[in-house]
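1. output the structure for:
(4 chains)
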4 protein chains.
Amino acid sequence: MRQSLQPSRDPADYAFVHRLRTRFAETDAMGIVHHAAYLPYLEEARVEYLRSIGHPYDVVRSGGVDVAVLEVALRYRKPLHFDDQVDVSLVVGAVTRTTFQIAYLLSVGGEARATAVTVHGCVDATGRPTRLPAWVGEELR
Amino acid sequence: MRQSLQPSRDPADYAFVHRLRTRFAETDAMGIVHHAAYLPYLEEARVEYLRSIGHPYDVVRSGGVDVAVLEVALRYRKPLHFDDQVDVSLVVGAVTRTTFQIAYLLSVGGEARATAVTVHGCVDATGRPTRLPAWVGEELR
Amino acid sequence: MRQSLQPSRDPADYAFVHRLRTRFAETDAMGIVHHAAYLPYLEEARVEYLRSIGHPYDVVRSGGVDVAVLEVALRYRKPLHFDDQVDVSLVVGAVTRTTFQIAYLLSVGGEARATAVTVHGCVDATGRPTRLPAWVGEELR
Amino acid sequence: MRQSLQPSRDPADYAFVHRLRTRFAETDAMGIVHHAAYLPYLEEARVEYLRSIGHPYDVVRSGGVDVAVLEVALRYRKPLHFDDQVDVSLVVGAVTRTTFQIAYLLSVGGEARATAVTVHGCVDATGRPTRLPAWVGEELR
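-> This is a model prediction of the structure:
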């Protein structure tokens, strides 16, 4: 795996935070949020982060560049429950010419529930890997 | 609503049946399969039905025609649980020049669990409604 | 089907509105939001509505009553796309001793995208149908 | 992260394989299977593996033990598309008194599409971590 970031459990170590609320549809028969539901949470936070730095993802995509997910790694520390308000904190790191990584902390009321890392690369309209757009290097590095 | 079919609870009234197994990820905190998970079950059965009559959905799509869902209606009679083997029976009806409907019965071990109707229309690559391909009228009517 | 409400396309006919943003994970290969993703939208709006009238769903559930979905019906009028801000309007109707219905309008920037009806009944901890709690009759009727 | 397995890209290195077909509902607007959909694929394969060794997951769960997911790591090598038949190969490793790991290879027609590792621990009915049942040590080690 390429992932090299070590996500901290201290919210102060993150550059951006997005709050969301878990849905009942995302729970499972164990009475907790199913582990697969966390990936859309990370994605939603990425989308809001890109918007916050002036690069809404639909504009990025209409420019012919898709941001592909190359790797994900999650560590589930304590469960999330229905109706929890989750703070998804994130910070970008490990930017290279073709990839970048994001570290995440999911917390509820300041208590860490999960940490994660995603590794991304850009692909063109045909799905072929391509260099990161200039703004990625400038804004995210 | 355009839906006019009355789905029967007798499997003998259906033209095709597809068996699938519910996933743990599809359950919710009530301990049963979440009601939203049924729509992909209907879709999976439609895809297998199209394959069975010689019109695999990816071939249909590569021909420039998408089969859009215009309406859905579901009646949940008894819950589905994790690991249930569900027989999704279906039959096409109410074919017009631009739309067709499908009635469904979801049963486990012969016991009705849910019934449903979907209404479909074809759209071209730009998303605009278009006449049904000839085979739909021929095969499905 | 028991559903009897006719959902209006005029937002003024609804009692409550909840805004949400579509997720990329909810899109499909047709480039639009997948039709199954609408059901969690309706559910999220119901949860926020119950909170707004002082009956948070987790409190309702901890009281030993679950609100089951008996029927759903959706009509897809125009597609939703990634990152759309969707106003989910709802109004309760057709309250009986054991069931109630909710009509929904999903709109983006005032334009109707979908309408829906859900039919609900209460079940106790063992999953058996039970009379609606008194507050349902009082608050929702 | 506790994950220590290095998933091989050679199907011969795996103990069990489960074939599934991707659903249209699992695709996204990039035209490929969304990265979050892979986690239910891994879960479905785990469930079939447990069944194959005589420990169906619903029987395990009714015995008061839930198998929690502590960590997941996925590497997406080539995309999956709608209607692909995916072979999910798996092998258990790194069994301790309280945790075990599973390595996965997802392939289509023999071509590797993704590799993954999940780390699991058992919890009792109250969600507290508990020692692995004896059969886990015996069967999986």
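2. for B:Thr22, see how far away the residue lying farthest from the centre of chain A is.
-> For chain A, the largest distance from the centre (C-alpha atoms, centre = their mean) belongs to A:Ala29, which lies 25.9 Å off. For A:Ala29, the distance to B:Thr22 (C-beta to C-beta, to the nearest Å) stands at 10 Å. Yep, even glycine has a C-beta here, placed from its N, CA and C like the rest.
3. and A:Leu74, by the same measure?
-> Here A:Leu74 is placed at a distance of 24 Å from B:Thr22 (C-beta to C-beta).
4. which parts of chain A sit against chain D?
-> Residues of chain A lying close to chain D by C-beta under 8 Å from any C-beta of the partner chain are A:1, A:3, A:30, A:32, A:35-37, A:39-40, A:43, A:61, A:66, A:68-76, A:79, A:127.
5. swap in 7 Å and give it another go.
-> By C-beta under 7 Å from any C-beta of the partner chain, the residues of chain A that approach chain D are A:1, A:30, A:35-36, A:39-40, A:66, A:69-76, A:79, A:127.
6. on that earlier part again, can you list residues touching both of A:Ala29 and B:Thr22?
-> Shared contacts of A:Ala29 and B:Thr22, defined by C-beta atoms under 7 Å, 6 or more residues apart in numbering or on different chains, comprise B:Phe82.
7. circling back: which one of A:Leu74 and B:Thr22 is surrounded by more residues?
-> Neighbours per residue (other C-beta atoms under 10 Å in any protein chain shown) separate A:Leu74 from B:Thr22, with A:Leu74 holding more: 27 against 20.
8. got the contact list for the more buried one?
-> A:Leu74 sits next to A:Tyr38, A:Ala114, A:Ala116, D:Glu71, D:Val72 when contact means C-beta under 7 Å, 6+ apart.
9. looking at chain A, which strand is longest?
-> Taking DSSP state E as the criterion, chain A has its longest strand at strand A:111-123.
10. mind listing which of the residues of chain A next to chain D are in strands?
-> Cross-referencing the residues of chain A next to chain D against strands under DSSP E gives A:Asp66, A:Val69, A:Leu70, A:Glu71, A:Val72, A:Ala73, A:Leu74, A:Arg75, A:Tyr76.
11. and the fifth one, what is it in contact with?
-> Same thing as A:Val72. Counting by C-beta under 7 Å, 6+ apart, A:Val72 makes contact with A:Leu39, A:Ala116, A:Thr118, D:His35, D:Leu74.
12. residue contacts, the residue minimising distance to the centre of chain A?
-> Closest residue to the average C-alpha location of chain A: A:Leu42 at 3.6 Å, with C-alpha atoms, centre = their mean. Residues in contact with A:Leu42, defined by C-beta under 7 Å, 6+ apart, are A:Val88, A:Tyr104, A:Ala116, A:Thr118.
13. wait, the first one sits on A:Tyr41?
-> Yes - counting by C-beta atoms under 7 Å, A:Tyr41 is a contact partner of A:Val88 at 5.7 Å.
14. give me the common contacts of those two.
-> Common contacts of A:Val88 and A:Tyr41, defined by C-beta under 7 Å, 6+ apart, comprise A:Leu20, A:Leu106.
15. ok, back up a step: next one, pLDDT for the residue farthest from the centre of chain A please.
-> If you check A:Ala29, the pLDDT there is 94.
16. and it, what is it in contact with?
-> Contacts for A:Ala29 (C-beta under 7 Å, 6+ apart) come out as B:Phe24, B:Thr27, B:Gly31, B:Phe82.
17. which pair of those residues spans the longest distance?
-> The span of the contacts of A:Ala29, defined through C-beta to C-beta, is set by B:Phe24 and B:Gly31 at 11.2 Å.
18. now the residues of chain A next to chain D: which count as buried?
-> A:1, A:30, A:35-36, A:39-40, A:66, A:69-76, A:79 (16 or more other C-beta atoms under 10 Å in any protein chain shown).
19. can you tell me which helix in chain A is longest?
-> Longest helix in chain A, counting residues (DSSP state H): helix A:38-52.
20. now do the buried residues in the longest strand of chain A.
-> In strand A:111-123, counting by 16+ other C-beta under 10 Å, buried: A:Ala112, A:Arg113, A:Ala114, A:Thr115, A:Ala116, A:Val117, A:Thr118, A:Val119, A:His120, A:Gly121, A:Cys122, A:Val123.
21. check stretch A:55-68 too.
-> So for stretch A:55-68, counting by 16+ other C-beta under 10 Å, buried means A:His55, A:Tyr57, A:Asp58, A:Val60, A:Arg61, A:Val65, A:Asp66, A:Val67, A:Ala68.
22. the first one contacts A:Pro133, correct?
-> No - with contacts counted by C-beta under 7 Å, A:His55 stays clear of A:Pro133, the gap being 8.6 Å.
23. residue contacts, the closest residue to A:Ala25 other than its chain neighbours?
-> Ranked by C-beta to C-beta, 6 or more residues apart in numbering or on different chains and with sequence neighbours excluded, the top spatial neighbour of A:Ala25 is C:Pro40, at 4.1 Å. The contact partners of C:Pro40, taken as C-beta under 7 Å, 6+ apart, are A:Arg23, A:Ala25, B:Ala36.
24. does the second one really touch B:Ala36, like I thought?
-> Yes - in this structure, A:Ala25 is within contact of B:Ala36 by C-beta under 7 Å, at 5.5 Å.
25. A:Val67 and chain C, how far apart?
-> Per C-beta to the nearest C-beta, to the nearest Å, A:Val67 is found 10 Å from chain C.
26. identify the bridge partners of the nearest residue to that residue once chain neighbours are set aside.
-> Ranked by C-beta to C-beta, 6+ apart and with sequence neighbours excluded, the top spatial neighbour of A:Val67 is A:His120, at 5.3 Å. Following DSSP bridges, A:His120 is listed with bridge partners A:Val69, A:Phe100.
27. how about the contacts made by A:His120?
-> A:Val67, A:Ala68, A:Val69, A:Leu70, A:Thr99, A:Phe100.
28. just the pLDDT for A:Glu26.
-> pLDDT for A:Glu26: 98.
29. the nearest residue to it once chain neighbours are set aside: neighbour count?
-> Take A:Glu26 and drop its neighbours on the chain: the residue closest to it by C-beta to C-beta, 6+ apart is A:Ala37, 3.9 Å away. As a burial measure, A:Ala37 scores 20 neighbours (other C-beta under 10 Å).
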